[in-house]
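Undergrad: Quick one, structure for this:
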Amino acid sequence: MKSNTSLNFSKTAFVHLDTQGREAERLSYGELDARVDAVAADIVGAGLAGKRLLLLFPPCLDFVVALFACFRAGAIAVPLPNTAGRRTADRVSAIARDAQPAAALTVRRESAAEALGLRCLYVDETSANGDAVDPAMVSPDRVALLQYTSGSTSRPKGVMLSHANLLANNAMIADAFGHDAELRGVGWLPLFHDMGLIGHVLQPVFVGGTSVLMSPLAFLQRPRRWLEAISTWRATTSGGPSHGYALCLRHIQQAAANEFDLSSWRVAYCGSEPINAATLGQFADRFAPAGFDAKAFLPCYGLAEASLLATSRAMGSGIATNGEGRVSCGRAWGAATVSVADPETGAPVAPGQPGEICIAGPHITAGYWNDEAATAALFRTVDGVRQLRTGDIGTLDDGGLHVHGRLKDIVIVMGSNHAAEDIEAVVTASDGLFHQQGCAAFASQSGERERAVVVQEVAARGVADEALTAAAAAASAGVIGALGLRIDDLLIVRAGTLPRTSSGKVQRARTRELYEANDLLRLNGGLAA
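TA: Residues are numbered from 1 along each chain as shown. You can find the predicted model right below:
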C-alpha cells in the first residue's frame with residue numbers, strides 16, 4: 001500500500017487510548033510518514049528488505065508504524081498476538097516456527113520478542129542513519145503480510161496477502177461502508193487479527209480518515225469504554241463480532257443508555273462469527289435513547305483468505321433476515337463475485353439451496369505460506385475462473401448471502417444433517433442462564449453411531465442444580481421442536497471453559513476433544529432418556 005500524497009499531513013491519523021479510555025498518544029499523517037520512513041530505512045540498512053519480520057507489540061501506535069514500515073521497505077509483516085498466557089505463548093512459538101522470520105520488530109519494553117531468540121529491531125529506537133528506501137522494492141504482487149488464521153477448525157496457517165489484495169479489499173470496504181476522508185473510526189479489536197488490522201489500521205489510511213484505537217482488554221474489562229470512545233470521538237464507524245454487542249447489553253443497563261451520544265455512529269458493522277439478530281435488535285432498542293439508529297447495522301461476512309471482507313450489506317440498510325431467521329450478509333462489491341456451489345462437483349446450486357460459499361476477485365489471496373497441499377485444497381477453477389473454496393455452507397438469493405456454518409461443523413445424526421450454528425442458536429436462546437456466545441455443538445462417535453452433543457456455558461455463578469436441570473431440559477426440548485434433533489448429551493459448564501481462538505471464536509473441534517477425554521467439568525446432570 002502507498003501513502004496518499006493528497007493528504008493533509010497535519011491531520012490526525014491515529015489516536016491510542018490507554019486502559020482507562022484516555023488518550024495516550026497520537027500521530028498525525030506527517031508524523032506517521034516520518035516515523036515509517038525512519039523504521040523502513042533501518043529495515044533496509046539491516047539487510048531485512050524482502051524478509052519476514054514478526055510484529056510483536058503491546059497495545060500502542062508503534063505497531064502501526066512497524067506495519068507500514070514493512071510495507072515501505074518491501075518486507076513481509078507477520079503480526080502476532082500480544083496477550084499474556086500459555087496458550088498465546090504456544091501460538092506465537094508455533095507461528096514463529098512456521099514463518100521462519102529473519103527478525104522481530106518490537107519495542108524495548110516487550111520482552112516476549114527476545115524470548116523467541118530472534119534478532120530484534122526496536123521501533124522506538126530508530127537510528128538517524130538508515131539507508132534510503134527504494135520504492136522499486138514494492139510491487140503490487142509481492143506479499144505484504146502473512147495473516148495467520150485463528151485456528152477455529154484447524155492449526156493456524158499463514159495466509160499470504162499481497163499489496164494488490166489489500167488495495168482491492170480496502171476499495172471494497174470503502175465502497176460498501178461509504179467511507180471517505182471524513183471517516184472517524186473507533187476500534188477495540190486486536191490488531192494482529194484481520195478485522196482489526198485491515199478495518200482499523202489500513203482502511204482509515206486508505207481513505208485518509210482518523211482511527212482511534214483501544215486495547216481489547218480495555219473493552220473486555222469495561223465494555224462501556226467502547227461506547228464512551230464512540231461518544232467522545234464522534235465515531236462514524238465501529239463494530240465487531242456479535243459478542244461485543246452482547247457484552248454491552250450485559251454490562252450497560254437501560255437506565256445508563258442515555259449517558260452516551262451515539263448519533264454520529266453511521267456504520268456499526270458485525271461479522272467474524274455467526275450474527276445474532278436478536279442480540280443486535282436488543283442493542284438497537286436499548287441504545288436508541290442515546291441516538292443509535294438500527295439502520296447503522298452493517299452485517300458482513302469475510303475471512304483472511306479473502307483478505308478480509310467478502311460480502312456485506314450496504315451502508316444504511318440495516319439488518320435483513322430470511323424465512324429461517326438467518327441474517328443476510330449482503331453481496332460482493334467491486335470486481336468480486338460470490339457463488340454457492342455443490343461441494344463435490346463445484347456446480348452452482350439453485351437460488352436458496354445450501355452449498356459451499358465460493359468467492360472470486362482481486363482480493364483473493366495466493367494461498368498459505370509454505371503449505372502447497374492446503375493451498376491446492378483451497379482453490380478450484382470453474383469455467384476459467386479461480387475460486388476460493390471457503391469451507392462455509394450458505395444460501396444465496398435476492399436477499400443476499402446467508403451463512404449457515406462450516407462444512408466440517410455439520411452434525412450428522414441418523415442420516416440427518418444439522419449446522420452446528422443452528423443447534424447452538426436454539427440452545428442459547430432457550431434460557432436466560434446461558435452465555436449467548438459460549439456454546440459448542442458437535443457430533444461425537446459412540447459405538448456404531450454419532451451422538452449429538454452440546455456444551456453450553458452458564459453466564460452466572462452459583463446457579464442452583466434445579467435451575468441447571470430445567471435449563472438443560474428446555475434446551476433439549478427446544479432443539480427437538482425447532483430442528484427435529486434429539487440431543488444425546490448437554491453439558492452445562494462455567495463461563496470461560498470453552499476453548500477459543502485469538503479472535504474469540506469457540507473451537508468446536510477442540511471442545512469435542514476435551515469432551516471425549518472427559519476433561520470438561522459438568523455442572524448439571526445428564527439429560528433424561
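
Undergrad: Going by C-alpha atoms from here, please, whenever you check contacts or count neighbours.
TA: Will do.

Undergrad: Pull the contacting residues for the closest residue to K295 other than its chain neighbours.
TA: In space, not counting the residues next to it along the chain, K295 is nearest to G318; the distance is 3.9 Å by Cα to Cα, 6 or more residues apart in numbering. Counting by Cα atoms under 8 Å, 6 or more residues apart in numbering, G318 touches A294, K295, A296, F297, L298, P299.

Undergrad: Can you get me the start-to-end distance on stretch 409-425?
TA: End-to-end distance for stretch 409-425, by Cα to Cα, to the nearest Å: 14 Å.

Undergrad: Ok, stretch 97-115 next?
TA: This stretch, stretch 97-115, spans 14 Å end to end (Cα to Cα).

Undergrad: For that stretch, list every residue counted as buried.
TA: Residues of stretch 97-115 classed as buried under the neighbour-count rule (16 or more other Cα atoms under 10 Å) are A99, P101, A102, A103, A104, L105, T106, V107, A112, A113.

Undergrad: ok so, going back, weed out the non-buried ones from the contacts of G318.
TA: A294, A296, F297, L298, P299.

Undergrad: that's a strand at the last one, yeah?
TA: To tie it back to what came earlier, the one meant is P299. Yes: assigned with DSSP: H, G, I helix; E, B strand; the rest coil, P299 falls within a strand.

Undergrad: How much space separates H418 from E513?
TA: Taking Cα to Cα as the measure, H418 falls 20 Å from E513.

Undergrad: ok, now L53?
TA: Noted for L53: a distance of 34 Å to E513, by Cα to Cα.

Undergrad: Pretty sure the residue nearest to K295 sits in a helix.
TA: No: under the criterion used here (three-state DSSP), G318 is coil, not part of a helix.

Undergrad: what's the longest helix in this structure?
TA: Looking across the chain with DSSP state H, the single longest helix is helix 465-483.

Undergrad: which one among the contacts of G318 gets closest to V453?
TA: Ranked by distance to V453 (Cα to Cα), the contacts of G318 are led by P299 at 29.1 Å.

Undergrad: The closest one against M315, yeah?
TA: No: if you go by Cα atoms under 8 Å, P299 and M315 don't touch, sitting 9.7 Å apart.

Undergrad: quick one on the thing from earlier: ok, H418 and E513, which is more surrounded?
TA: More neighbours surround H418 than the other of H418 and E513, with 21 against 13 (other Cα atoms under 10 Å).

Undergrad: can you tell me the helix or strand for the closest residue in space to the more buried one that isn't next to it in sequence?
TA: The spatially closest residue to H418, leaving aside those adjacent along the chain, is V411, at 5.1 Å (Cα to Cα, 6+ apart). Assigned by DSSP states H and E, V411 belongs to strand 410-413.

Undergrad: list the contacts for A471?
TA: A471 makes contact with S430, D431, L433, according to Cα under 8 Å, 6+ apart.

Undergrad: follow-up on the earlier one: tabulate the CA atom coordinates of the longest helix of the chain in CSV.
TA: What follows is helix 465-483 as a C-alpha-only set of coordinates in CSV (Å, rounded to 0.1, in the frame of the first residue of the first chain):
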residue,chain,number,x,y,z
ASP,A,465,-28.9,-27.6,40.5
GLU,A,466,-32.6,-27.5,39.8
ALA,A,467,-32.3,-24.4,37.6
LEU,A,468,-29.5,-26.0,35.6
THR,A,469,-31.5,-29.2,35.1
ALA,A,470,-34.5,-27.2,34.0
ALA,A,471,-32.4,-25.2,31.6
ALA,A,472,-30.9,-28.3,30.0
ALA,A,473,-34.3,-29.8,29.6
ALA,A,474,-35.7,-26.6,28.0
ALA,A,475,-32.7,-26.5,25.6
SER,A,476,-33.2,-30.2,24.6
ALA,A,477,-36.9,-29.7,24.0
GLY,A,478,-36.2,-26.5,22.0
VAL,A,479,-33.8,-28.3,19.7
ILE,A,480,-36.3,-31.2,19.1
GLY,A,481,-39.1,-28.7,18.4
ALA,A,482,-37.1,-26.4,16.1
LEU,A,483,-34.8,-28.9,14.3
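
Undergrad: Next secondary structure after that helix?
TA: Elements were assigned by DSSP H and E; along the chain past helix 465-483, the next helix or strand is strand 489-494.

Undergrad: helices and strands around that next one, which ones?
TA: Under the contact definition 3 or more Cα pairs under 8 Å, 6 or more residues apart in numbering; DSSP states H and E, strand 489-494 sits against strand 449-458, helix 465-483.

Undergrad: how about those, which one is nearest P204?
TA: From these, taking Cα to Cα, the stretch that ends up closest is strand 449-458, at 36.8 Å.

Undergrad: so where is the protein shaky, pLDDT-wise?
TA: Where the chain drops to pLDDT under 70, the residues are 1-6, 83-88, 110-113, 128-132, 136, 150-155, 414-415, 446-449, 502-503, 526-529.

Undergrad: count of neighbours near V382?
TA: So V382, with other Cα under 10 Å, has 12 neighbours.
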